[in-house]
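J.: my questions are about this predicted structure, shown below with the sequence.
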Amino acid sequence: MTTNLSRRTLLKALGLGAAATLIPALTRAEALPHVVVVGGGFAGATAAKYLKMWGGTSVEVTLVEPNTTYVSPILSNLVLNHQRTTSDLSFDYTHHSTVYGINMIHDSVNAIDKTNQVLTLHDGVTLSYDRLILAGGMDFVDIPGLDFDKVPHAWKAGLQTNLLKDQIDAMQDGDHFVMTVPASPYRCPPGPYERACVVADYLKNTKGFANCEVTVLDANSAITVEAETFGAKFTEYGVNYRPNIVISSVDSDTRSITFSENGGAAQTLDAEVLNVIPNQKAAKIVFDAGLNSGNWAPVNPLSYESTLATNIHIIGDSQATPQPKSGHMGNSQAKICADAVLRSLNGMDLNAAPKTNTACYSPVSATHASWLTAVYEYNASTQAMQLVPGAGYPAAGAPSTENYTQMFNWSGNLFADTFA
Amino acid sequence: MNSNLKKRNMKLGRPAVLAVIGLSLSGCLDSSGSSNGDDEINSGIYFDISSVDYSAVSVDASAADLASGARLLAAQCAQCHGTYGVAVREWPDLWGSGRQIGNWMSQYQDVNYADNMMHVHALGYTDDEVNLLKTYYPKIAYSGGQ
């Protein structure tokens, strides 16, 4: 482990614990600036990598992530129709430690002391930071009766993905698959519609079930992205699409869901497979640290520094800018943040005109995919990120076999840029 | 993967040679139809990211003299073209390219490719920004495999 960490471990052993921050300023100034990144998904893994790639020996970087393996939610709908496995989509942090010299700590954070700039980890170790980057992804808003071990969300990939896959595999002809779409904003805007298409195609064309019903209960008033593409596919597959849904409860044992539609009376639907993707909010760590305003964390998009605390940055799904919540976008924001942190540690001005982008290919069957892309720019007068005008963003492409092939070129490079 | 081949692909739009490259890769990428889990741990996409070695990238010292913001803007290409523009799979490398990047960007901006993500993506960048990319990528060299 690093000198910085061992110094703290030593202090802890001496009974000084978190009092590391009480060490005279002179001692602290001799240590390298320490940046701690919490969360090793697309945003956090990219931030840690680029901080060391660009900052080199001028900065010490620690990445705190509970899991040793990350399973990408991107492409994980292809596990449901047996085109990929979760193993195919699994990454570890070997490159982070061996190539980039990042301190990897596989633990979770118990508390953030914003005043003294100290994190306490679950195992009791304390880490002081000069800059903290929170990349905790998103969390789900509770739904009464919902038990994810029986009714999977499969919106964080891994065991959940395989649980849903196994449930779909057990379906018989005539069974009913019901899934829900969360209210915007949520992680991966095309993802739920993509999933409905992939599952409907799998049941109908791979399994040969003519009598399975697929129902999509959407919290939004209409399909949120690529409406033409997904709408046409829903018609082709016979997907029963129902907007303006408010879920009130779930019975996880009987796999039934109670909801209202268009503000009407409560009704209940039974399913053989029920896939509830609840409404979303910033990660728990953001709420615990008091960095949220409503469901999300407000930030300055020039640096992703919280507007509610100094020296804490929030990137990816948890932050509140209007940019879409996607792995690609989390990676994009991570670079703006890493650059800003290094500039700030060196007393330099921030880049005044950052640009970010997002892109995504969505499978709609085992052979066809569509795409969606957008480029964002900083508007100095509103101090917010906005779509670059004039290019028709967000722009979409129709499903094709060519796009299905391109999907793996896109994801392969995104995975490499994040984890290699 | 030969980077010159990839570059030629991009310059020519989408020629037939692309299909040949796709076929040559399919052995390590295509796990369609199989649902066996752990025996595929090093197949598919996982295999891809190990096909590049980013520690074999070198950045010319003169990159430090470039306009502020060049490096950060260039890094926004990496989501689809790999870190430092060292790409995996079939999409083109950007490292080592200068004038060529300018040509590609203006080609993608001017020509209305049907159903092409890079066409609409390129529309999001100004001439000044393309010029920044042109100054940055010639500073990058790569000596690893692909």
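T.: Arrived safely.
J.: got the contact list for residue A:351?
T.: A:302, A:336, A:339, A:340, A:343, B:68, B:69, B:72 (CB atoms under 8 Å, 6 or more residues apart in numbering or on different chains). Any C-beta I mention is one placed from the backbone N, CA and C, and that applies to glycine too.
J.: now, which of these sits nearest residue A:146?
T.: Taking CB to CB as the measure, residue A:146 lies nearest residue A:336 of the contacts of residue A:351, at 35.3 Å.
J.: okay, now that closest one: neighbour count?
T.: Residue A:336: 27 surrounding residues under other CB atoms under 10 Å in any protein chain shown.
J.: and for it, nearest residue in space, chain neighbours not counted?
T.: Computed as CB to CB, 6 or more residues apart in numbering or on different chains, the closest residue to residue A:336 that is not its neighbour in sequence is residue A:354, at 4.7 Å.
J.: so what's the residue count around the one you found?
T.: 25.
J.: my guess is it contacts residue A:378. True?
T.: Yes. In this structure, residue A:354 is within contact of residue A:378 by CB atoms under 8 Å, at 5.3 Å.
J.: overlap of the contact sets of these two?
T.: By the contact definition CB under 8 Å, 6+ apart, residue A:354 and residue A:378 are jointly contacted by A:301, A:302.
J.: what residues are up against the residue nearest to residue A:336?
T.: With CB under 8 Å, 6+ apart, residue A:354 has these contacts: A:301, A:302, A:336, A:377, A:378, B:72.
J.: now the strand of greatest length in chain A: buried residues?
T.: For chain A, the strand that runs over the most residues, judged by DSSP state E, is strand A:369-379. For strand A:369-379, the buried set under the neighbour-count rule, 16 or more other CB atoms under 10 Å in any protein chain shown, comprises A:369, A:370, A:371, A:372, A:373, A:374, A:375, A:376, A:377, A:378.
J.: strand partners (parallel or antiparallel) of it?
T.: strand A:355-363 (antiparallel), strand A:384-387 (antiparallel), strand A:395-400 (antiparallel) (DSSP bridges).
J.: where do the strands sit along chain B?
T.: B:57-59, B:140-142.
J.: which one of those lies closest to chain A?
T.: For chain A, the closest of these is strand B:57-59, at 9.0 Å, according to CB to the nearest CB.
J.: what comes up buried for the closest one?
T.: Buried, per 16+ other CB under 10 Å, within strand B:57-59: B:57, B:59.
J.: where does the stretch 301-420 of chain A get nearest to chain B, which residue?
T.: residue A:375 (2.9 Å).
J.: show me the contacts for the residue found closest to that residue once you drop the neighbours it is linked to in the chain.
T.: With sequence-adjacent residues excluded and distances taken as CB to CB, 6+ apart, residue A:375 is closest to residue B:124, at 2.9 Å. For residue B:124, the contact set (CB under 8 Å, 6+ apart) comprises A:355, A:357, A:374, A:375, A:377, A:388, A:391, A:393.
J.: ok, the fourth one touching residue A:388?
T.: Yes. Counting by CB under 8 Å, residue A:375 sits close enough to residue A:388 to count as a contact (4.7 Å).
J.: how about the helices in chain B?
T.: Taking DSSP state H, the helices of chain B run over residues B:3-11, B:17-29, B:44-49, B:70-75, B:78-81, B:99-110, B:117-122, B:127-136.
J.: oops, could you answer that again for chain A instead?
T.: Under DSSP H, chain A gives helices at A:3-13, A:25-30, A:42-55, A:77-80, A:94-98, A:159-169, A:191-201, A:227-237, A:284-288, A:327-345, A:401-419.
J.: can I get these in CSV with mean pLDDT?
T.: Converted to CSV, the helices of chain A look like this (pLDDT from 0 to 100):
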stretch, mean pLDDT
helix A:3-13, 39
helix A:25-30, 44
helix A:42-55, 98
helix A:77-80, 98
helix A:94-98, 96
helix A:159-169, 98
helix A:191-201, 98
helix A:227-237, 98
helix A:284-288, 98
helix A:327-345, 98
helix A:401-419, 96
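J.: ok, and the closest non-adjacent residue to residue A:263?
T.: Closest residue to residue A:263 apart from its sequence neighbours, by CB to CB, 6+ apart: residue A:244 at 7.4 Å.
J.: need the contact list for the one you found.
T.: A:218, A:219, A:220, A:221, A:261, A:262, A:263.
J.: and the gap between it and chain B?
T.: In this view, residue A:244 and chain B are 31 Å apart by CB to the nearest CB, to the nearest Å.
J.: next to chain B in this structure, residues from the stretch 51-200 of chain A, please.
T.: A:53-54, A:75, A:82-91, A:95, A:99 (CB under 8 Å from any CB of the partner chain).
J.: what's the farthest-apart pair in those?
T.: A:54 and A:82 (40.4 Å).
J.: per-residue confidence at the closest residue to chain B within the stretch 51-200 of chain A?
T.: In the stretch 51-200 of chain A, the residue that lies nearest chain B is residue A:88 (3.6 Å; CB to the nearest CB). Each residue has a pLDDT score; the one for residue A:88 is 93.
J.: how many residues are close by it?
T.: Neighbour tally, residue A:88, other CB under 10 Å: 26.
J.: and it, how far from residue A:398?
T.: Remark: distance between residue A:88 and residue A:398 (CB to CB, to the nearest Å) = 26 Å.
J.: buried residues in stretch A:209-218?
T.: So stretch A:209-218, judged by 16+ other CB under 10 Å, has buried residues A:209, A:212, A:213, A:214, A:215, A:216, A:217, A:218.
J.: same deal with stretch A:296-306?
T.: Going by 16+ other CB under 10 Å, stretch A:296-306 has these buried residues: A:296, A:297, A:299, A:301, A:302, A:303, A:304, A:305, A:306.
J.: quick one: buried ones out of the contacts of residue A:351?
T.: The buried subset of these (16+ other CB under 10 Å) comprises A:302, A:336, A:339, A:340, A:343, B:69, B:72.
J.: generate CSV for those residues, with distance to residue B:116 as supplementary columns.
T.: Converted to CSV, the buried ones among the contacts of residue A:351 look like this (distance: CB to CB, whole Å):
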residue, distance to residue B:116
A:302, 32
A:336, 26
A:339, 29
A:340, 32
A:343, 35
B:69, 27
B:72, 26
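J.: of these, closest to residue A:165?
T.: Of the buried ones among the contacts of residue A:351, the one sitting nearest to residue A:165 (CB to CB) turns out to be residue A:336, at 35.6 Å.
J.: rewinding a little: nearest to residue A:197 among the buried ones among the contacts of residue A:351?
T.: Of all the buried ones among the contacts of residue A:351, residue A:197 sits closest to residue A:336, with 32.7 Å by CB to CB.
J.: just to revisit the earlier point, most neighbours per residue, which of the strands paired with strand A:369-379?
T.: The highest average neighbour count among these, using mean count of other CB atoms under 10 Å in any protein chain shown, belongs to strand A:355-363 at a mean of 25.
J.: tell me what angle that one forms with helix B:127-136.
T.: 90 degrees (axes from the mean of the first three to the mean of the last three CA atoms, to 10 degrees).
J.: gap between strand A:355-363 and the chain center?
T.: Centroid separation for strand A:355-363 versus its chain: 13 Å, with CA atoms, centre = their mean, to the nearest Å.
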